[in-house]
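1. the sequence and its predicted three-dimensional model are supplied below.
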Amino acid sequence: MHPNQNSIKIISGNSHPQLAKLIAEKLRLPLAKIGAFQYTNKETAVSVGESVRDEDVYIIQTGSGESNINDFLMELLIIVNACRTASARRITAVIPCFPYARQDKKDKSRAPITAKLVANLLTTAGCNHVITMDLHASQIQGFFRIPVDNLYSEPIFLRYIKDNFDLKDVIIVSPDAGGAKRVAGIADKLDVNFALIHKERQKANEVSKMVLVGDVSDKVCLLIDDMADTCGTLCKAADVLMKNKAKKVIAMITHGIFSADALDKLNNSKLDKIVCTTSLPLQKKLSQCPKITCLDISSTLAEAVRRLHNGESVSYLFNNAIE
Amino acid sequence: MTYATKWSVPNSSSMKYNIANIQSIYRTKRLIKIFAHFFCPTPLPMRDIVVLSGSSHPNLAKSICRHLTVEQGVLASKKFSNGETSIEIQDSVREKDVFIVQSGCGEVNDNFMELLIAIAACKTASARRVTAVLPLFPYSRQPDVPHAASLTGAPSLTVKKDQYTYESAPGTPKPLRDDTTDVFASTPPPLSLMTPSANSSTDLLSKATLNNLRIPTGGTSGKIPSLTPTAIVTNSAAVNIPSVDAYGRTESGYKQWVAQNGTLIANLLITAGADRCITMDLHDPQFQGFFNVPVDNLYSKPLLKRYIIDYIPDYQSCVIVSPDSGGAKRATSIADALGCSFALIHKERRAKITKTSPSASGSAQASPMVRHASASSVVGNSATMVATTMLVGEVKDRVCVLIDDLVDTSYTITRAAKLLKDQGAKKVYALVTHGIFSGDAPNRISKSAIDKVITTNSVPQVHTAAILGDKLEVLDVSRILAEAIRRIHNGESVSMLFDHGW
């Protein structure tokens, strides 16, 4: 290959162009002139204005959008397929927030395992590799027949906690039993205590009863979870913690979906602050809810892309935040 | 002893005879049973069949079930607050023959994902066979030329309803100041719409606000500023759409192209677990070859043919017209079947100004080949595209029947109708299988030279019917689909439907 020729292409989907731009900037690359648009009949089409023949292609698309998450998913599939037909050497989908990650089990009879379906669809479209972040269940990796790099936002949060809080009066709290393992890991790394809130769920997106396990009095509680959607759990957990004499409650969430009336709930809640990552576009929501702070993950993703392209190990990123 | 042995031989032979007799009785009984299948006045109850309906076209599924005399299975489809589709199948499908009816209309991607999820759900719930019934196949037709609106006639979302023209019915001149709602009515298209990157960097969620633009509100007459279609290349939320010159080339000289999704859609359906597809009037017959599973492509031709025979007065003297060269085969087959004459409209696009001299146009009048040239300049580009439309065939004082498989933006068909009327056609009917009528198509048709649009209910037509009223006639395809489902379920031949319809 010609030494001056770049063999890597970054393509941005329409779901989170800012993140794509930041990743491209970090890699000192221009975004490829390949983009998706929609016809009036609402079919998605992808126009390719640049050759990707024998290139290493990275497509950045996140599972965002309350009204058009399916549009973005189809867009991703079509871009992947377009690159495949255009003879790309390797196609990697960078999906910081994996869509349909919560529909990962057959919890009712005849319930679809949509996460598995999405994995199959991506493979069928022609994806060779997937980079994602904080999968709701890491077992989703097993749904794929292609390699999946599940990155962690944990190092970024750890650095944030160390920079902003006095570790002596911090306690890490998991809002549900499922996240206990993740929270225990963080508590170990910070060498602080952790508590757990047990919730009884009767319907999806609805929480009934909450029980706190652990002592949080006069502590700064850091509620850690992988995603916040309608924020019902978070707000109720904050109530429970404040009732148990916590000093203040701060939520730390990887994927801030904040759908429906989540922002109103957060504004009225006892949460002091919500820290989330830029895995989803939040520009508009930041202005509506001043409590939200965003941590940039583009450097981690950019580093993962760089390492993947150069064939280096990605595991360094599991424990270290990238500046 | 001898007597006994004497008898033993014929006795055993008569035994044999008896056994053969019994066998033949059973055989005739079975034959009667088979004949009963044919002569039974009411169809035998269909067992082990489940018909489910997606949210795209519930009425069609309902009438299919009525024709099949089966009860529709319950498929509860809703959306989580984050927009993810959630499916719940409330009837058992274990070891059943499942048919899922979903048309590729409305919110195409939502409906298609819903279909994929439903298929996967049935498969994980141990359905014996899952058949996707797609009256209108999504993504079956996409223009292969880049999407510059003025060039392809397929405008993207941001083309405001006042910025394109009803070429076949120019609006009455009105003072442009009278509307207060639209800022851009009298000015050239705003810069922000032409440079999407500038817009999208500031407002990432602008796509959501575009929803307001998608639904045509009607009453747009008088807002037409000019007769040249303006080129607005992309929806403002789209990023990195390469800017191209009139030849479709980017600055680097790379010829821009639009990805074709046929194989992808086919593969996605198979991946989800579809064992078979039923569809109707596929735009490309080759599309069937993209599948590794059987695809039953039904035809609406018998239906359309019957409409022409029954409702078009003196149909033998009418002219069947194909609005573009791609549909010539489709139109000729109907023309042949009816014994009508045939005409064709051909459109050429050239990135040049081809000046038609007055003498040339004069001679064209005499010949049956008529050229209509309309120049439309690409905004921000020095090159000019010229679309030349020509009519091959004689239509003067005749009733014209335009035949197409799919009408979306309706630019092609309204232009064709105008051309036909200009050439002296008495009346113009438009017969289309799939009337998507996206964007402002219904309004455009109601103002166009088309006298009547006949389409099928492969796509819900309620919204279109409200605007077009008497101008629209909808034919029912649910019987064809129901019969195909019945035949496929019973393992009978479907090919009879191709010729005779139902």
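-> Received, thanks.
2. from here on, contacts and neighbour counts on C-alpha atoms
-> OK.
3. now A:Ala228. Nearest residue, chain neighbours left out?
-> A:Gly256 (5.2 Å; Cα to Cα, 6 or more residues apart in numbering or on different chains).
4. likewise B:Asp499?
-> Here the residue nearest B:Asp499, using Cα to Cα, 6+ apart, is B:Pro302, at 6.7 Å.
5. B:Glu84 and A:Tyr100 touch, don't they?
-> Yes: assessed by Cα atoms under 8 Å, B:Glu84 is found in contact with A:Tyr100 at 6.5 Å.
6. okay, the two: which has more neighbours?
-> B:Glu84 (26 against 23; other Cα atoms under 10 Å in any protein chain shown).
7. how near is the more buried one to A:Thr233?
-> 19 Å (Cα to Cα, to the nearest Å).
8. got it, and A:Ser153?
-> Distance from A:Ser153 to A:Thr233, by Cα to Cα: 21 Å.
9. the two: who's more crowded?
-> A:Ser153 (26 against 21).
10. my guess is that one contacts A:Met133, does it?
-> Yes: at 7.0 Å, A:Ser153 counts as touching A:Met133 under the criterion of Cα under 8 Å.
11. what ranges does the stretch 201-323 of chain A have for its helices?
-> For the stretch 201-323 of chain A, the helices defined by DSSP state H, counting those that start in this stretch cover A:232-243, A:262-268, A:283-288, A:298-310, A:316-319.
12. flag the shaky bits of the stretch 201-323 of chain A, pLDDT-wise.
-> Where the stretch 201-323 of chain A drops to pLDDT under 70, the residues are A:201-208.
13. now do the same contact list for the residue in it positioned nearest to chain B.
-> Taking Cα to the nearest Cα as the measure, the stretch 201-323 of chain A has A:Ser259 as its residue closest to chain B, at 5.2 Å. Contact partners of A:Ser259, counting by Cα atoms under 8 Å, 6 or more residues apart in numbering or on different chains, are A:66, A:229-230, B:81-82.
14. equivalent analysis for A:Ala302, please.
-> A:23-24, A:26-27.
15. what about 7 Å?
-> If you count contacts by Cα atoms under 7 Å, 6 or more residues apart in numbering or on different chains, A:Ala302 has them with A:23, A:26-27.
16. go on, B:Ala441?
-> B:Ala441 touches B:409-410, counting by Cα under 7 Å, 6+ apart.
17. same check, this time on B:Leu402
-> If you count contacts by Cα under 7 Å, 6+ apart, B:Leu402 has them with B:320-323, B:429-431.
18. least confident pick among those?
-> Across these, the bottom pLDDT score, 91, is held by B:Pro323.
19. so how far is chain A from that residue?
-> Using Cα to the nearest Cα, to the nearest Å, B:Pro323 is found at 20 Å from chain A.
20. that residue: how many residues sit nearby?
-> B:Pro323 has 28 nearby residues by other Cα under 10 Å.
21. how about A:Asp163?
-> Number of residues near A:Asp163 (other Cα under 10 Å) recorded here: 10.
22. chain center to the host helix or strand of it, what's the gap?
-> Per DSSP states H and E: A:Asp163 is located in helix A:154-164. Computed by Cα atoms, centre = their mean, to the nearest Å, the chain-centroid distance of helix A:154-164 equals 17 Å.
23. roughly how far does the residue nearest the centre of chain A sit from B:Val395?
-> Computing the C-alpha centroid of chain A and ranking residues by Cα atoms, centre = their mean puts A:Cys97 first, at 3.5 Å. To B:Val395, A:Cys97 is 59 Å away according to Cα to Cα.
24. ditto for B:Ile450
-> Taking Cα to Cα, one finds B:Ile450 at 15 Å from B:Val395.
25. burial check on the nearest residue to A:Ser7 once chain neighbours are set aside, number of neighbours?
-> Leaving aside its chain neighbours, A:Ser7 sits nearest to A:Glu55 (4.9 Å; criterion: Cα to Cα, 6+ apart). When counting by other Cα under 10 Å, one arrives at 18 neighbours for A:Glu55.
26. what does the one 5 residues further on give?
-> Using other Cα under 10 Å, A:Ile60 is surrounded by 25 other residues.
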